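Colleague: below are the sequence and a predicted model for it; my questions follow.
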Amino acid sequence: MNILDSAGVAASFYAAHRAGLIGALLGAPASCSELASRFGTDRHATGLILEVLRSAGFLEHDGTAYTASAELRSTHARLPGGVDALMMIWMHTPEFLASGAPLRRMDGSSAERAGEYENLVLGLASLFMPSARELAHGLEGTPRRILDVGAGSGIWSLAIAEAHPGSTVTALDFPPVLESFRRQAAAMRLEDRVDVLAGDAYSAEIPEGAFDLIVLANILHLEPAERAAVLLHRVADGLAPGGRIVVVDVFGGDGDADRGRAVYALHLAMRTERGTAHPAETVESWLRQTGVAPEMRMQFNDPMVHGMGALISAPASGMLEAPAAGHLLHAVPMAKP
Ligand SMILES: C[S@@+](CC[C@H](N)C(=O)[O-])C[C@H]1O[C@@H](n2cnc3c(N)ncnc32)[C@H](O)[C@@H]1O
């Protein structure tokens, strides 16, 4: 789509969503006149906007009524909170441009994080499931013990355990979120192969040298660079000789993936105070500082998460000597209370 058309489509979607037309068409088909009279919009303007959205693939028209397209329905179903939750953040864009203030604080205190994520993570599991399975099948070796840091639903590590019947998963997250992890494990019939480590990843006691695979999926972007690097250092203590680290996040790439990262970075900035979409090269340099060599980058195929990928380290050569994380942490406190 060229720039002129992209701008027109975005403006039409914004206006149609704000007026209630998108929600209505996700519910049931309706004609232009019905929508205009139900939502008090101008009949002529409504028709023009609906046609833009039809031509861009958001809507379908059967000659009488408009309805949400299969693609819009599937996007709505796969996104946690659907299109409304997505647009709640995007509607904040003009204010964010003026003030730089985010709408939400998903990177706040431990209690705020737990509250934000305890229910959301099961929705994220449905969104990430295809990519998690892609990662599981692309990973070399058979990790026996997996630590999932900021596990949420645990979808990434559970997909790996599903592909490797000998693997067990330890999920590290806040207690309320771990309830969702247990539910997801049960839904995947893996409840007998999971364990939990409840608490804050910056202070939880991680058994030294105990894990063949440590997964950090979509957690580093909640942290500014200094804190993200410290977290990587600290959890790497848990790596067994020969173990690997996998970081899943929105790293971008060429074309669509580059746009995916730029759009994600803006969305992230409107729902966190200090969240950052760290470049792959930066995360790789943190891995090296930790004593682990980055080995492979994987880009997921699902267009719903374009820009998201995995960085996979080479097997660790022996016990790592991570720097004194407690000391570094002193300089990089959590978000203001
Ligand atoms: C964006 S979600 C990602 C969940 C899951 N890894 C995924 O990709 O679906 C971030 C998760 O990290 C957890 N988290 C954030 N900060 C944390 C911390 N300091 N210690 C432990 N867990 C944390 C949140 O509770 C949440 O479950």
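Modeller: In hand now; what should we look at?
Colleague: show me what contacts the closest residue to residue 163 other than its chain neighbours?
Modeller: Distances taken as C-beta to C-beta, 6 or more residues apart in numbering put residue 136 closest to residue 163, at 4.0 Å, once the chain neighbours are dropped. C-beta here means a position set from N, CA and C on the backbone, and glycine is covered the same way. Contacts here follow C-beta atoms under 8 Å, 6 or more residues apart in numbering; on that basis residue 136 touches 159-160, 162-164.
Colleague: the helix or strand harbouring residue 136 near the ligand anywhere?
Modeller: In the assignment (DSSP states H and E), residue 136 maps to helix 110-138. Yes: against the ligand, helix 110-138 shows contacts by C-beta under 6 Å from any ligand atom at 113-114, 117, 121, 124, 128.
Colleague: dump the residues you listed into TSV; add pLDDT and neighbour count as well.
Modeller: TSV is the format used below for the residues of helix 110-138 next to the ligand (pLDDT from 0 to 100; neighbours: other C-beta atoms under 10 Å):
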residue	pLDDT	neighbour count
113	96	22
114	96	17
117	96	20
121	97	26
124	97	19
128	98	27
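Colleague: which strands and helices sit next to the helix or strand following the helix holding residue 136?
Modeller: Next helix or strand after helix 110-138 toward the C-terminus (DSSP H and E): strand 145-149. Contacting strand 145-149 under the criterion 3 or more C-beta pairs under 8 Å, 6 or more residues apart in numbering; DSSP states H and E are the following elements: helix 155-163, strand 168-173, strand 211-217, helix 225-236.
Colleague: got a list of contacts for strand 145-149?
Modeller: 154, 156-157, 160-161, 167-172, 197, 201, 206, 210-217, 219, 231, 235, 238, 240.
Colleague: got the angle between it and helix 155-163?
Modeller: Angle, strand 145-149 to helix 155-163, by axes from the mean of the first three to the mean of the last three C-alpha atoms, to 10 degrees: 160 degrees.
Colleague: for this structure, what lies in contact range of the ligand?
Modeller: 113-114, 117, 121, 124, 128, 150-153, 155-156, 172-174, 177, 200-202, 217-219, 222.
Colleague: want to throw the helices and strands packed on strand 145-149 into JSON lines with mean pLDDT and mean neighbour count?
Modeller: Output for the helices and strands packed on strand 145-149, formatted as JSON lines (pLDDT from 0 to 100; neighbours: other C-beta under 10 Å):
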{"stretch": "helix 155-163", "mean pLDDT": "98", "mean neighbour count": "25"}
{"stretch": "strand 168-173", "mean pLDDT": "98", "mean neighbour count": "25"}
{"stretch": "strand 211-217", "mean pLDDT": "98", "mean neighbour count": "27"}
{"stretch": "helix 225-236", "mean pLDDT": "97", "mean neighbour count": "22"}
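Colleague: would you convert these into JSON lines that also reports distance to residue 188?
Modeller: Below are the helices and strands packed on strand 145-149 laid out as JSON lines (distance: least, C-beta to C-beta, whole Å):
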{"stretch": "helix 155-163", "distance to residue 188": "5"}
{"stretch": "strand 168-173", "distance to residue 188": "10"}
{"stretch": "strand 211-217", "distance to residue 188": "15"}
{"stretch": "helix 225-236", "distance to residue 188": "24"}
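Colleague: run through the protein and note the low-pLDDT ranges.
Modeller: 318-337 (pLDDT under 70).
Colleague: surely residue 252 meets residue 260?
Modeller: Yes: when contacts are counted by C-beta atoms under 8 Å, residue 252 is listed as touching residue 260 (6.7 Å).
Colleague: now, the most widely separated pair of the residues of helix 110-138 next to the ligand?
Modeller: 114 and 128 (19.7 Å; C-beta to C-beta).
Colleague: now the strands for this structure?
Modeller: In the chain, the segments counted as strands under DSSP state E are 59-61, 66-68, 145-149, 168-173, 194-198, 211-217, 239-250, 294-299, 308-313.
Colleague: and the angle from the helix holding residue 136 to helix 155-163?
Modeller: 40 degrees.
Colleague: contacts only, for the most centrally placed residue in the chain.
Modeller: Centroid-nearest residue in the chain: residue 218, 5.3 Å away (criterion: C-alpha atoms, centre = their mean). Residues counted as contacts of residue 218 (C-beta under 8 Å, 6+ apart) are 124, 150, 152, 248-249.
Colleague: of those residues, just say which sits nearest to residue 13.
Modeller: residue 124 (23.1 Å).
Colleague: hang on, the earlier thing: could the contacts of residue 136 go into TSV alongside distance to residue 92?
Modeller: As requested, the contacts of residue 136 are exported to TSV (distance: C-beta to C-beta, whole Å):
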residue	distance to residue 92
159	33
160	36
162	37
163	39
164	42
